[in-house]
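> coords below, sequence missing:
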């Protein structure tokens, strides 16, 4: 049975029916909500990284070094990992449209409207193209990871081409870590507002949506998403099932429906 575990922000672990463990955007050690640290992961077969932001790249370097797991990422993340001593042959760089198979798993990178930049060990900066992904997990599970994308209308094309049926969409700002990057003023929304996230879920044709990019369940953006979702359902709009997870929760599919385990 396929299982999906949430660690907070946009970090997930997918365990396939064959027992393979896939990490997506593994932000663990500096994530105040994650119940698991990078050193505690017993098995990792594949790491998928959407872009170089600290809360998405996370602990990729240390996990890849310890486990030897292959990494799928963009060119800027590959350059950074190689500069930190991860072997080039352990890293599969790709970009939108270039579908790859690594560790026996097919991954389709798709368009992501965002940015990606990282400071290299020598003090220079590397930038690259952020990605979203459709991961073909098996058992009919096609998992969409949004990669921090903003809303764009060709999400409908992702639906038509790749048919994701479960996916995570960022609809919030994780207030617990926003002070790591002090700047003037304040952020009014994340890359997608709660309303935009709901539209994205509909445009993608998801059967199940996992709102994310928060840590605590008291996040006001999450509450707003839930309110808008219930209003849309009351209007009779066609909606995916929404499953709100707290860090540490595990999803499993029972009788064709995704449910939180336990």
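Structure received. Computed from a predicted model, the values in this text were never measured in an experiment. Numbers count the residues shown, from 1 in each chain.

> phi and psi next, for residue 157.
Main-chain dihedrals, residue 157, degrees, to the nearest 10: phi -70, psi -40.

> how many residues are close by residue 90?
16 (other C-beta atoms under 10 Å). Quick note: C-beta positions are derived from backbone N, CA and C, even for glycine.

> my bad, residue 87
11.

> confirm residue 77 sits in a helix?
Yes: counting by DSSP: H, G, I helix; E, B strand; the rest coil, residue 77 is part of a helix.

> OK, contacts around it?
By C-beta atoms under 8 Å, 6 or more residues apart in numbering, the contact list for residue 77 reads 49, 51, 52, 57, 60, 71, 93, 116, 118, 128.

> swap in 6 Å and give it another go.
Contacts for residue 77 (C-beta atoms under 6 Å, 6 or more residues apart in numbering) come out as 49, 52.

> do the same with residue 191
148, 150, 170.

> quick check: the second one vs residue 11, distance?
The span separating residue 150 from residue 11 equals 20 Å under the rule C-beta to C-beta, to the nearest Å.

> more neighbours, these two?
Legend: neighbour count by other C-beta under 10 Å for residue 150 and residue 11, higher for residue 11 (25 against 16).

> count of neighbours near the residue nearest to the more buried one when sequence neighbours are not counted?
Nearest residue to residue 11, sequence neighbours excluded (C-beta to C-beta, 6 or more residues apart in numbering): residue 27, at 4.7 Å. By the criterion of other C-beta under 10 Å, residue 27 has 24 neighbours.

> same check on residue 133?
25.

> pretty sure it sits against residue 145.
Yes: applying C-beta atoms under 6 Å as the test, residue 133 and residue 145 come out as touching, 4.8 Å apart.

> give me the element the residue lying closest to residue 52 once chain neighbours are set aside is part of.
Of all residues not flanking residue 52 in the chain, residue 118 sits nearest, at 3.8 Å (C-beta to C-beta, 6+ apart). Taking DSSP states H and E as the definition, residue 118 sits inside strand 117-119.

> buried sites along the helix or strand just after that strand?
With elements assigned by DSSP H and E, the helix or strand that comes after strand 117-119 is strand 125-127. Buried residues in strand 125-127, counted by 16 or more other C-beta atoms under 10 Å: residue 126.
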